[in-house]
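1. next one to model:
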Amino acid sequence: KAVKRFAQNNPHRLKAYAENSKAYVAHMGGKGDFYGHEKSVTSAKDQKVTIALNGKELTTIDALAGEVLDGTFMSVAALREFYKKTIQDAKEEGLIWSLHLKATMMKISDPIMFGHAFEIFFEDVFAKHADTFAELGVNPNLGMSDLEKKIAGHAKEAEIKADFLAAVESDAPKIAMVDSDKGETNFNASNDVIIDASMPVVVREGGKQWD
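-> Reported below is the predicted structural model:
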């Protein structure tokens with residue numbers, strides 16, 4: 001109650017949107033995403049239910065009569081294609097590209113989606129250094145901060161960093177920051193990308209972000 005009362009008594013100031021603002025929120029729109037595939041069933045009786053993925057049994061649960069069971073999945077191919085399109089759109093429109101996920105709560109799915117975004121944005125770098133990254137155990141789901149730790153001291157460290165920098169300074173769109181004071185982008189770590197914290201800021205700032 002105290003937090004809510006403080007927020008009500010100290011409302012955030014909203015900056016005006018420019019008449020020609022190009023800012024927009026992109027989402028997959030049900031084409032291959034969780035929303036588009038969701039299915040719910042009501043258990044007709046007390047029974048054991050098997051949870052499986054691609055024919056592989058993961059676990060079984062005891063469902064109760066009248067219990068609602070809900071399942072869904074996402075297409076990685078559709079997700080990666082969606083990322084490519086939004087990155088291209090941002091490049092063509094001169095926009096900052098920003099990723100908004102709920103990675104602190106959705107601790108399984110969202111870091112994976114984060115990792116695909118990281119790989120797609122720096123697709124050429126990940127392709128060029130695939131063997132080195134595999135050797136060092138680089139996991140894109142953990143972001144740039146972890147990658148930098150893994151390559152520290154490696155013979156190709158300087159080359160890898162130069163390739164990332166070249167990708168940023170090429171014709172790629174600018175990347176949104178989660179902490180511009182520290183120079184940390186949205187790709188720094190998956191648990192930095194928190195939609196609850198980042199989207200309200202975009203709205204309050206008149207559709208703008210730091211790059």
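2. quick one: furthest residue from the center of the protein?
-> Residue farthest from the centre of the chain, counting by C-alpha atoms, centre = their mean, is Lys45 at 38.7 Å.
3. who are the contact partners of the nearest residue to that one once chain neighbours are set aside?
-> The shortest distance from Lys45 to any non-neighbouring residue, by C-beta to C-beta, 6 or more residues apart in numbering, is to Ala65 (4.9 Å). C-beta coordinates here come from the backbone N, C-alpha and C atoms, glycine included. Neighbour list for Ala65: 43-46 [criterion: C-beta atoms under 8 Å, 6 or more residues apart in numbering].
4. sorry, back to before: read off the pLDDT value for the residue farthest from the centre of the chain.
-> If you check Lys45, the pLDDT there is 97.
5. please report the distance of it from Thr59.
-> Distance of Lys45 to Thr59, computed by C-beta to C-beta, to the nearest Å: 20 Å.
6. swap in Ala166?
-> For Ala166, the distance to Thr59 equals 45 Å [C-beta to C-beta].
7. what mean pLDDT does stretch 2-17 get?
-> Across stretch 2-17, pLDDT averages out at 90.
8. which element is Val25 on?
-> Element membership for Val25 (DSSP states H and E) is empty, with no helix or strand holding it.
9. repeat that for Asp70.
-> Using DSSP H and E, Asp70 falls in strand 68-71.
10. what pairs with that strand, and is each one parallel or antiparallel?
-> strand 39-42 (antiparallel) (DSSP bridges).
11. next helix or strand past the partner strand?
-> strand 47-53.
12. who are the packing partners of that following strand?
-> In terms of contacts (3 or more C-beta pairs under 8 Å, 6 or more residues apart in numbering; DSSP states H and E), strand 47-53 is packed against strand 56-63.
13. could you give the angle of the strand it packs on to strand 47-53?
-> Angle of strand 56-63 versus strand 47-53, following axes from the mean of the first three to the mean of the last three C-alpha atoms, to 10 degrees, is 150 degrees.
14. regarding the protein, what is its longest helix?
-> helix 76-93 (DSSP state H).
15. send the alpha carbons of that one over as CSV?
-> Extracted as CSV, the C-alpha positions of helix 76-93 are listed here (Å, rounded to 0.1, in the frame of the first residue of the first chain):
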residue,chain,number,x,y,z
VAL,A,76,11.9,-21.0,-33.2
ALA,A,77,12.0,-20.5,-37.0
ALA,A,78,9.1,-18.0,-36.8
LEU,A,79,10.7,-16.2,-33.9
ARG,A,80,14.0,-15.8,-35.7
GLU,A,81,12.2,-14.6,-38.8
PHE,A,82,10.3,-12.1,-36.7
TYR,A,83,13.5,-10.8,-35.2
LYS,A,84,15.1,-10.4,-38.7
LYS,A,85,12.1,-8.4,-40.0
THR,A,86,12.0,-6.0,-37.0
ILE,A,87,15.8,-5.5,-37.2
GLN,A,88,15.5,-4.7,-40.9
ASP,A,89,12.5,-2.4,-40.3
ALA,A,90,14.4,-0.5,-37.6
LYS,A,91,17.4,-0.1,-39.9
GLU,A,92,15.2,1.2,-42.7
GLU,A,93,13.3,3.6,-40.5
